[in-house]
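Asks: With the sequence up front, the predicted model follows.
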Amino acid sequence: MKKFVLFVLGGFMFTSCEKILFKEDLASDNPRDNFEYLWKECRDKYAFMQYKKVDWQAVYNKYSPRVTDNISKDSLFNTMALMLNELRDGHVNLVSPFNTSVYLISQLGPENISKRLIEDNYLSRPFFITGPFVHSFIDSGRVGYIQFGAFTGTVTDDQLDYMLEKYQNTRGLILDLRNNGGGAAPDIYKIMGRFVENKTKIFTTKDKSGPGPNDFSDGLESFLEPHNGRRYTKKLAVLCNRGTYSAGSYTSLATKALDNVILIGDTTGGGLGMPNGGQLPNGWTYRFSVTQTLDLQGNNYEDGVPPDIRVVLDPADVAKGKDTVIEKAVEELKK
Amino acid sequence: MLRQTIALRLFCICLFPLFNGKAVADTADSSSKTPILNRPFRSLQFGMARTASVYRDFATSPLFYRGAPTQYSLAWAKEEGSHDRRILMKYQSGSYKPKNESIKTPALAHSLYLQYSRLWYIGTWKNTDLRVGGMMDLSGNLRINPSLQNNAGGLEIFNTLFASARISRDVSRKDEKKTKILWLIPWRKLPRRRTISFQLNAALMNNNYRNGYIYSNQANITNKPSLVYNYSFNAFSGYRLNSGLEYSIFLSNGNAIRYSWYWDALQSGEEFNRFEMGHHAFQVAFLFQMPKKEKK
């Protein structure tokens, strides 16, 4: 009996060690381990290495010597952040308990917007705040102006119905996406679905599918579906600047496929790659883009969606209390 | 790969006596073709377990996440001398964290298991019943780790066909015994039916349904919401091994209490984004005897 119990317990102890199936524990605070891990993850999964002509091995050679065994956490963070910024991508971040790295795409161009100027001269009192939208009549009630600062994921049909009913008799609408840094993608479809009458293909997305720089899945087409309810059939002007990023750029890209929509302002910040999320052996987290989105002609606008009409704020206009971009949009809507 | 091979070979070695059982039974005096545990027992089993669990998903992190989730199980079992069957459903839920102290936000994981097993009596050797058979397992995890940003959600499904072997022994107290608790209080130990068994299950076929290379779900970008965007089915991928040690005490009313220690470990096998998970569960289960259906 004792032999049996010992045999059973021994057998259980022998089999119950999961280490026989698992790889070794990679948790590590060693600076070299973390640097190498991050570099390899980017090499294998970052979607724009080829498009941006980044020589990732050269980047390794540049930053690797800075990583020594006794490097401080702060310096290690800065070294890895600088390495990531070589990707020139606003969707790339390194996050530690004490710092977060960013690449400021918006600073690649003029700001091209003055919120105070708009508040003082375009948003008539009282203006309206409907969920994430700030809106008002402009041009003596002939045009509706809607400012959308972030894709919060809180856009509802009720909000859109309210606004479109209010502005149904205008000659055109302005959707101001300047400095809209993106957010929840479903908002793109909720909003833009109000400006199409037919199912419309807007762009194609490819996922990274392997470690090679050109390993991508087949393109997946995206379509705008017309909203089954109140829609706006007159002209829409979408305003953009370098701060229009990610979901803002996706929306800007979608306008290229819509005949009644015109994109005005400066080139967007881009960010047409979906960022992932991951963790390093020391627990810090990172993210970078793992997909590519192309327009209907196959153009990759990761570095920024170009406007149909490029307009930058004219200091002379600003001095007169005028937003050059809005003025151009009003002019276009009247045509 | 090497570890898988080693594990498989060890399992085969463990199984060898079973397939060789007839020869042993024919020659050993203590052998028989009548099972020691031959009393039919149909039961509905409710169990609760405290577990020590660990998982790692290389798609998002090289770190092991560890936790002690609670597990609940419901099973229907039919144990006959020659043929045992069990249908089991287990659910476990809890939070997990890596050892790294800088990580403050725990990950949550919910796991669901459905199992069907069937074992056939092979023979008895030295008062130990040997049964072999198979088990089909369908299990899935839903994990949420907010610190992983767009990769915060993880969902994977595993399907495994196991080869199973179980050894069982009757360890009943046949006669009444008199004893004293703490050398003071007289106590009569009544005859009690008790069994102990050990079961080993090794994967013959391990399949999984998991995220693709990028892991991130970008269904929202394409306006085609889906929980399983870019998922792929991977057949004969990875390996899984589990075992269970069960000690059952039968009560005078025909019901039973079972104390068990279960172990389960799996890895998904992919070169990239491999997933690994293991559980130790100490379970207490109540086995309610079900009446046998009358044949009309």
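Replies: Yep, it's here. Residues are numbered from 1 along each chain as shown, chains lettered A, B, ... in the order given.

Asks: CA only for contacts and neighbour counts going forward, please
Replies: Fine.

Asks: OK, contacts around the residue lying closest to residue A:225 once chain neighbours are set aside?
Replies: Leaving aside its sequence neighbours, residue A:225 sits nearest to residue A:199 (CA to CA, 6 or more residues apart in numbering or on different chains; 4.7 Å). Contacts here follow CA atoms under 8 Å, 6 or more residues apart in numbering or on different chains; on that basis residue A:199 touches A:223, A:224, A:225, A:226.

Asks: Could you do residue A:282 as well?
Replies: A:27, A:28, A:29, A:30, A:34, B:100.

Asks: just the buried members of those?
Replies: If you count burial by 16 or more other CA atoms under 10 Å in any protein chain shown, the buried members of those come out as A:27, A:28, A:34, B:100.

Asks: Tell me how far the closest residue to residue A:146 other than its chain neighbours lies from chain B.
Replies: What sits nearest to residue A:146 in space, not counting adjacent residues and going by CA to CA, 6+ apart, is residue A:135, at 4.3 Å. Per CA to the nearest CA, to the nearest Å, residue A:135 is found 26 Å from chain B.

Asks: Residue A:143 is in contact with residue A:135, correct?
Replies: No: using CA atoms under 8 Å, residue A:135 is not in contact with residue A:143; the gap is 10.8 Å.

Asks: what do those two both touch?
Replies: By CA under 8 Å, 6+ apart, residue A:135 and residue A:143 have no common neighbours.

Asks: Work out the sheet partners of the helix or strand residue B:163 falls within and label each with its direction, please.
Replies: Assessed by DSSP states H and E, residue B:163 sits inside strand B:153-170. Applying DSSP bridges to the sheet, strand B:153-170 is found paired with strand B:128-144 (antiparallel), strand B:194-210 (antiparallel).

Asks: ranges for the helices of chain B?
Replies: Using DSSP state H, the helices of chain B run over residues B:2-19, B:21-27.

Asks: which stretch in the ones you listed is the model least sure about?
Replies: In terms of average pLDDT, helix B:21-27 trails the rest of the helices of chain B, at a mean of 34.

Asks: shouldn't residue A:227 be in contact with residue A:189?
Replies: No: counting by CA under 8 Å, residue A:227 stays clear of residue A:189, with 9.1 Å between them.

Asks: residues in chain A within reach of chain B, list them.
Replies: A:8, A:12, A:15-16, A:18, A:20-22, A:25-27, A:45, A:97, A:185-186, A:189, A:205, A:207-210, A:220-224, A:274-283, A:285, A:287, A:290 (CA under 8 Å from any CA of the partner chain).

Asks: Which of those are buried, as a ChimeraX select command?
Replies: Applying 16+ other CA under 10 Å to those, the buried members can be selected in ChimeraX as follows:
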select /A:8,12,15,16,18,20,21,22,26,27,45,185,186,189,205,207,208,209,210,221,222,223,224,274,275,276,277,278,279,280,281,282,283,285,287,290
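
Asks: Name the residue closest to the centre of chain A, please.
Replies: residue A:246 (1.9 Å; CA atoms, centre = their mean).

Asks: what's the distance between that residue and residue B:196?
Replies: Per CA to CA, to the nearest Å, residue A:246 is found 61 Å from residue B:196.

Asks: what do you get for residue A:63?
Replies: According to CA to CA, residue A:63 stands 61 Å off from residue B:196.

Asks: and these two? which has more neighbours close in?
Replies: Between residue A:63 and residue B:196, counting by other CA atoms under 10 Å in any protein chain shown, residue B:196 is the more crowded of the two (22 against 14).

Asks: Quick check: beta-bridge partners of the more buried one?
Replies: Note on residue B:196: beta-bridge partners residue B:169, residue B:247, judged by DSSP bridges.

Asks: tell me the contacts of it?
Replies: Residue B:196 touches B:168, B:169, B:170, B:171, B:245, B:246, B:247, B:248, counting by CA under 8 Å, 6+ apart.

Asks: how about a cut-off of 6 Å?
Replies: Residue B:196 is in contact with B:168, B:169, B:246, B:247, counting by CA atoms under 6 Å, 6 or more residues apart in numbering or on different chains.

Asks: Determine which two of the residues you listed are furthest apart.
Replies: Farthest-apart pair in the contacts of residue B:196 is B:169 and B:246; separation 10.6 Å (CA to CA).

Asks: So between the two, which is more surrounded?
Replies: Set residue B:169 next to residue B:246 and count neighbours by other CA under 10 Å: residue B:169 wins out with 23 against 20.

Asks: before we move on, what SS does the closest residue to residue A:257 other than its chain neighbours have?
Replies: Nearest non-adjacent residue to residue A:257, counting by CA to CA, 6+ apart: residue A:202, 5.5 Å away. Of the three states, residue A:202 takes strand under DSSP: H, G, I helix; E, B strand; the rest coil.

Asks: residues near residue A:202, how many?
Replies: Here the number of neighbours of residue A:202 (other CA under 10 Å) works out to 21.

Asks: wait, isn't it in contact with residue A:254?
Replies: Yes: using CA atoms under 6 Å, residue A:202 is in contact with residue A:254, at 5.0 Å.

Asks: And the helices in the stretch 1-150 of chain A, which stretches?
Replies: For the stretch 1-150 of chain A, applying DSSP state H, counting those that start in this stretch gives helices covering A:2-15, A:31-45, A:56-63, A:73-85, A:115-121.

Asks: Pipe those helices into a markdown table and attach mean pLDDT per row.
Replies: As requested, those are exported to a markdown table (pLDDT from 0 to 100):
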| stretch | mean pLDDT |
| --- | --- |
| helix A:2-15 | 65 |
| helix A:31-45 | 97 |
| helix A:56-63 | 97 |
| helix A:73-85 | 97 |
| helix A:115-121 | 91 |
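
Asks: Which one of the ones you listed lies nearest to residue B:51?
Replies: Of these, the one closest to residue B:51 (CA to CA) turns out to be helix A:2-15, at 15.9 Å.

Asks: re earlier: dump the contacts of residue A:199 into TSV; add secondary structure and distance to residue A:151 as well.
Replies: Shown next, in TSV, are those (DSSP: H, G, I helix; E, B strand; the rest coil; distance: CA to CA, whole Å):
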residue	secondary structure	distance to residue A:151
A:223	strand	19
A:224	strand	17
A:225	coil	19
A:226	coil	19
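
Asks: Nearest to chain B among those?
Replies: residue A:223 (7.1 Å; CA to the nearest CA).

Asks: burial measure for the spatially closest residue to the closest one that is not a sequence neighbour, as a count.
Replies: Once flanking residues are discounted, residue A:223 sits nearest to residue A:201: 4.2 Å by CA to CA, 6+ apart. Neighbourhood size, residue A:201 [other CA under 10 Å]: 16.

Asks: Quick check, residue A:201 in contact with residue A:220.
Replies: No: under the criterion of CA under 6 Å, residue A:201 makes no contact with residue A:220, lying 10.7 Å away.

Asks: any idea how far the residue lying closest to residue A:38 once chain neighbours are set aside is from residue A:31?
Replies: Ranked by CA to CA, 6+ apart and with sequence neighbours excluded, the top spatial neighbour of residue A:38 is residue A:280, at 6.8 Å. In this view, residue A:280 and residue A:31 are 11 Å apart by CA to CA.

Asks: Next: residue B:98.
Replies: Taking CA to CA, one finds residue B:98 at 18 Å from residue A:31.

Asks: Equivalent analysis for residue A:21, please.
Replies: Look at residue A:21 and residue A:31: by CA to CA, they are 28 Å apart.

Asks: ok, now residue B:258?
Replies: As judged by CA to CA, residue B:258 and residue A:31 stand 49 Å apart.

Asks: shaky segments in the chain?
Replies: All of this refers to chain A. Within chain A, the segments meeting pLDDT under 70 span A:1-9, A:11-16.

Asks: switch to chain B, that's the one I care about
Replies: Looking along chain B with the criterion set at pLDDT under 70, you get B:1-38, B:293-296.

Asks: Great, nothing more from me.
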